[in-house]
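Student: predicted model, plus sequence, below.
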Amino acid sequence: MTEAFGAVRGTAGPPTAAGPVGGLSTHALVGHESLLADTREQLAGGGSVLLTGPAGIGKSSLLSALAGEFTGLQVLQCSLSETERHLPFLGLIDLLADTGDDILHTLPKHQRAALESALLRRTDPIGERDVLGLRMAVLATFRALCTAGPVLMVVDDAQWLDAPSAELLAFIARRARGLPLQALVGLRTDPADSRPGPRLCPPPVSAFEVPPMTAAEVTRLLSGLDLPRAVLAKVHRASDGNPFFALELGRALAEHDGPLDAAAPLPVPDSLRSLMLGRLMALSDDARRTLLTACAVARPTLVLLRGAGRPDAGADLAEAREAGIVTPGEVVRFTHPLLSAVLYAEASEHDRLAVHSALADAVSDPVERARHLALVAPGRDAEVAATLSEAATAARRRGARAAAARLGLLAADRTTRREDEPGLRLTAAEDALASGEFGLARGIAEEVLEHATVPAERVRAWIVLLDSGGQALAELDDVFPRALADARDDPALLAPLHYRLAWRAWLVKGSATKARDEAALAARLAAEAGDRRTEVLALTKQALAEFSTGRLEAEQTLARALAGSQDPTIRFDHNGPVYLRHRHHLLHDRLEEARAELRSLTYAVRQRGAVESLFMCLYGSSQVEIFRGRCDRALDLAEQCLRLAEDSELSRGPAWCAAAFAEAAGGSLDRALAAAERAVAHSEDDGDLLFLPHCLHAAGHIRLLRGDAAGAAEALRRVRRLECAQGLAEPALRRWHPDLAEALVAIGEPDEAAEVIEETRRDALRLGRRGVLAVLDRSAALVIAARGDVEAAAEAMGRAVTTLSGLPYPLEEGRARLELGRLRARLGDAPAARESLRSAHRVFSRAKAAPWVAAVAAELDHLEVGIPTVAGEADPLRALAGIERRVAVLVAEGATNREIAARLFVSVKTVEASLTRTYRKLGVRSRVDIARLAAFHNPDDRPAS
């Protein structure tokens, strides 16, 4: 569990996908949106496209999807197979199957005869003298087809194209210049085959390699199979991101009897096993035995393989490299992970045991040696159990918590001391929690609870269950009374439970005050029991609640938590006081100190901390970089958050929220809004009242930037209601208040905006929050303008600019300069408006704040075109606001949809949708009509220059 700024775990649920797993045709498109966009652009520009990649990567699905989109073209298709490549002219026959005799009858007689023979429309064969005639006939046929309209040839699996068809199509491609003829070709590539593919594409041609799927995309692909996250991660590694392989492995796992163990070898279906075995069986027996040894060890090197009884390993690996089974390099790497999986699965039990026995003697790493010993010596053995337990400890110290969990479970299975078994299992469960494998942790805890009778063991298992639930604590309400009953009156057992009740009070019940009281009780109980670890965690939680509710004693509580030496597990924990200290720096506008704190903590957590703590460090760093005006860095950190959440069992709500804020600061507003909506949905699904306001703030902030003031006000009013209900009174923790005030001004509610500003200002003054007060000054200036005194508003905004320029918040300074430019434009002072807008442009450009740069550029465009920033009666575009207005101004300048999308950092689809609404609102039918409206605007209404 984690605090309001970054709650991460929960019932993440399956991500959105295209439906239940079915044929590859639909699901291979998952994650290929960017590739589709690039290929669409190439085809729309009249060029040809070559898609390359290994078997199963999704080329056919992409070809089918693209061909289906270009309905305005004549589409000629052929789909080929290996068994038919010896049949001459079969590719040409498929392509021209629907070409009627009316086309062929336009050809000279000898050419028509040659082509009809090739197409099997007559029985006399083609002679050698007819080859040139056939070439000219095919060229003439394609020219005739192009006369009727543009032609798109779609050739799937071009590597199987018969030689005569390939030669003819290459002949056409070389002579297609000037013809509206394009090709869309899929070509299988193989690392072991360096032969060039057929040159079938008329120029200009762009080649695109179809990339493998990421772990997140494989998770989406298999979302209908309900597989554990750890198993999905293993499927991604084994499939190497190949969607066909991933689907086949996923189906095999879904049909697997019994529980799924991420540590066990994957069941490889027959369809893949035969494909891989065909390559492996071409090797000698010695080479396969060496490779079996290599695939049984984590880091196989030539020296290690020789030490494990393979003296001729060098020659064996050379043979495997020649066959395209392994890649060159010091460490043996298979060209595809499934080759390793199939080789190990097909080996006999005797051969596997022999390999593990040899490796147990050869490896020097204690963790690796323990794993091989466990596989060689099944059954209970005190010596093996001790070795495994020591190896688990070593893995834990390295930060390899997933490995520690599995080694710990093996130790529990091997121990001869049955009384030690529950403790070993619970330690393994805690390691699983730290590695993000919450399903595994839950399973272990439930197993222990079935048999354990010792109160301490039972409470420890209940705590694992609670911690594995994360943000979805509402679903575990029945656990608390049972755990408290097991704890009885033992303060050592009650303290960690009341600490978790503090989380429940805020997260589920929505009361920060109750959370503070529970945390204080937990701290007292922990101190009584001498449990400093729980006491520090509870004090940290108490301090967070006190900061959030605006209590001045928060500083002292945090100091108590930081006093004395820190348990390493607490020092690296995102719920510990060191992490909270960076939040404390932010309250006082000390951005560089906050950044330094997080950088140091992130480094330590990467070495030995939990996945969730690493996530929170990245999340906090992303927020700090936005404040500092390092938007590109914020985007990178948010992307790391998203990948980490998708690769583990962390709730993705906070990850999507990080992505939303980062995209709004330096990326795409379309992506930002989509991410914010996902974040809100995840938090609502989890019943997470603690994090939901932050997600809603992201949604409101982005809608305000997109020009949707009503949508922004709706989301941000909800934030206000939630925080009031929770008793929160710290405006510097979630800085939504200025956004709400500015959205209210934009929808004509200046009095409500003034009320929000005054209420927030009181808390900020009481707590000494200079940064918040400066931004509120910007919002207050807009209220003054909304009440009619634009000149006084401009003066107030100028003061806000001066104040913000002395604080470390570039984006807030840039926003104030942008608003000052707008106000000066309303006053008719175009030179001053340009000066303010250009200074805002410089601030945002240095910050790489792309959406804000676009907003400033739009205002400058308004000045140049002569359309006022705020609509008046003389404004021809007065019916438009926000992004619709920006798009219309750029259309009036003659910009294309793609140019507009690039300037406003939105998608082409967003521009198209905006134009559709614009046509309706203005009562026009075309871009030309918009340009005429702008051109007919009275020049006397232009701001003075």
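Tutor: Looks like it came in fine.

Student: phi first, then psi, for G707.
Tutor: Here is the backbone geometry of G707 (degrees, to the nearest 10): phi 90, psi 10.

Student: that one and V887 touch, don't they?
Tutor: No. G707 sits out of contact with V887 when judged by CB atoms under 8 Å, with a separation of 10.1 Å. Placement of C-beta: from N, CA and C, glycine included.

Student: between the two, which is the more surrounded one?
Tutor: Taking neighbours as other CB atoms under 10 Å, G707 and V887 compare with V887 leading, 28 against 20.

Student: the longest strand belonging to the chain pairs with which strands, and in what direction?
Tutor: With secondary structure taken from DSSP state E, the chain has its longest strand at strand 181-188. Next to strand 181-188 in the sheet, as set by DSSP bridges, lie strand 48-53 (parallel), strand 151-156 (parallel).

Student: just name the most buried of the ones you listed.
Tutor: Ranked by mean neighbour count, the strands paired with strand 181-188 are led by strand 151-156 with a mean of 24 (mean count of other CB atoms under 10 Å).

Student: run the angle between the following helix or strand past that strand and strand 181-188 for me.
Tutor: As assigned by DSSP states H and E, the chain's next helix or strand after strand 151-156 is helix 163-174. Helix 163-174 runs at 140 degrees relative to strand 181-188, counting by axes from the mean of the first three to the mean of the last three CA atoms, to 10 degrees.

Student: give me the contacts around helix 163-174.
Tutor: For helix 163-174, contacts defined as CB atoms under 8 Å, 6 or more residues apart in numbering pick out 88-92, 95, 118, 134-135, 138-139, 142, 153, 155, 158, 161, 181, 183, 198-203.

Student: before we move on, back to that, so for the longest strand of the chain, what's the average pLDDT?
Tutor: Model confidence over strand 181-188, given as mean pLDDT, is 92.

Student: ok, stretch 726-735 next?
Tutor: The model assigns stretch 726-735 a mean pLDDT of 93.

Student: same check on stretch 443-455?
Tutor: Mean pLDDT, stretch 443-455: 93.

Student: got it, and stretch 134-148?
Tutor: Averaging pLDDT along stretch 134-148 yields 90.

Student: going forward, count from 35.
Tutor: Okay, using 35 as the starting number, the last item reads as stretch 168-182.

Student: ok, and what's touching it?
Tutor: Contact with stretch 168-182 is made by 108, 110, 126, 130, 133, 137-138, 140-141, 145-146, 148-149, 152, 160, 185, 202, 205-206, 209-210, 213-215, as judged by CB under 8 Å, 6+ apart.

Student: then stretch 847-859?
Tutor: 812, 815-816, 819, 824, 827-828, 831-832, 834-835, 838-839, 841, 864, 866-871, 873-874, 877-878, 881, 883, 886, 889-890, 893, 896-897, 902-904, 977.

Student: what of stretch 379-393?
Tutor: Outside stretch 379-393, the residues that touch it by CB under 8 Å, 6+ apart are 299-302, 307, 311, 314, 323, 326-327, 330-331, 342-343, 378, 402, 406, 409-410.

Student: what subset of those is buried?
Tutor: Buried members of these, scored by 16 or more other CB atoms under 10 Å, are 300, 302, 307, 311, 314, 323, 326-327, 330-331, 342-343, 378, 402, 406, 409-410.

Student: so which of those are in helices?
Tutor: 307, 311, 314, 323, 326-327, 378, 402, 406, 409-410 (DSSP state H).

Student: turn those residues into JSON lines, columns for pLDDT and distance to A354.
Tutor: Shown next, in JSON lines, are these (pLDDT from 0 to 100; distance: CB to CB, whole Å):
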{"residue": "R307", "pLDDT": "82", "distance to A354": "18"}
{"residue": "L311", "pLDDT": "87", "distance to A354": "15"}
{"residue": "L314", "pLDDT": "90", "distance to A354": "9"}
{"residue": "R323", "pLDDT": "94", "distance to A354": "11"}
{"residue": "L326", "pLDDT": "94", "distance to A354": "11"}
{"residue": "T327", "pLDDT": "94", "distance to A354": "12"}
{"residue": "Y378", "pLDDT": "89", "distance to A354": "15"}
{"residue": "E402", "pLDDT": "85", "distance to A354": "22"}
{"residue": "H406", "pLDDT": "87", "distance to A354": "22"}
{"residue": "L409", "pLDDT": "83", "distance to A354": "24"}
{"residue": "V410", "pLDDT": "83", "distance to A354": "26"}
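
Student: reformat the residues you listed as JSON lines; add distance to T223.
Tutor: Compiled in JSON lines, those are given as follows (distance: CB to CB, whole Å):
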{"residue": "R307", "distance to T223": "23"}
{"residue": "L311", "distance to T223": "21"}
{"residue": "L314", "distance to T223": "20"}
{"residue": "R323", "distance to T223": "30"}
{"residue": "L326", "distance to T223": "28"}
{"residue": "T327", "distance to T223": "30"}
{"residue": "Y378", "distance to T223": "26"}
{"residue": "E402", "distance to T223": "35"}
{"residue": "H406", "distance to T223": "37"}
{"residue": "L409", "distance to T223": "37"}
{"residue": "V410", "distance to T223": "41"}
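
Student: once you drop chain neighbours, what's closest to L518?
Tutor: Spatial nearest neighbour of L518, chain neighbours left out: L531 (6.0 Å); criterion: CB to CB, 6 or more residues apart in numbering.

Student: what is the subsequent helix or strand relative to the helix or strand containing the one you found?
Tutor: In this structure, L531 sits in helix 525-541 according to DSSP H and E. Using DSSP H and E, the helix or strand that follows helix 525-541 in sequence is helix 546-563.

Student: got the angle for that next one vs helix 525-541?
Tutor: Angle, helix 546-563 to helix 525-541, by the same axes, to 10 degrees: 170 degrees.

Student: tell me which residues of helix 546-563 come out buried.
Tutor: 546-557, 559-561, 563.

Student: what mean pLDDT does stretch 739-748 get?
Tutor: Mean per-residue pLDDT for stretch 739-748: 93.

Student: same check, this time on stretch 812-827
Tutor: The pLDDT scores in stretch 812-827 average 96.

Student: contacts for that stretch, please.
Tutor: Contacts for stretch 812-827 (CB under 8 Å, 6+ apart): 771-772, 775-776, 779, 782, 784, 787-788, 791, 828, 830-831, 834, 838, 846, 849-850, 853, 857, 860-861.

Student: change it to 6 Å
Tutor: Under the criterion CB atoms under 6 Å, 6 or more residues apart in numbering, residues 772, 775-776, 779, 784, 787-788, 791, 830-831, 834, 850, 857, 860-861 lie in contact with stretch 812-827.

Student: which of these fall in strands?
Tutor: Counting by DSSP E, the contacts of stretch 812-827 contribute nothing to strands.

Student: okay, now R959: neighbour count?
Tutor: 9.
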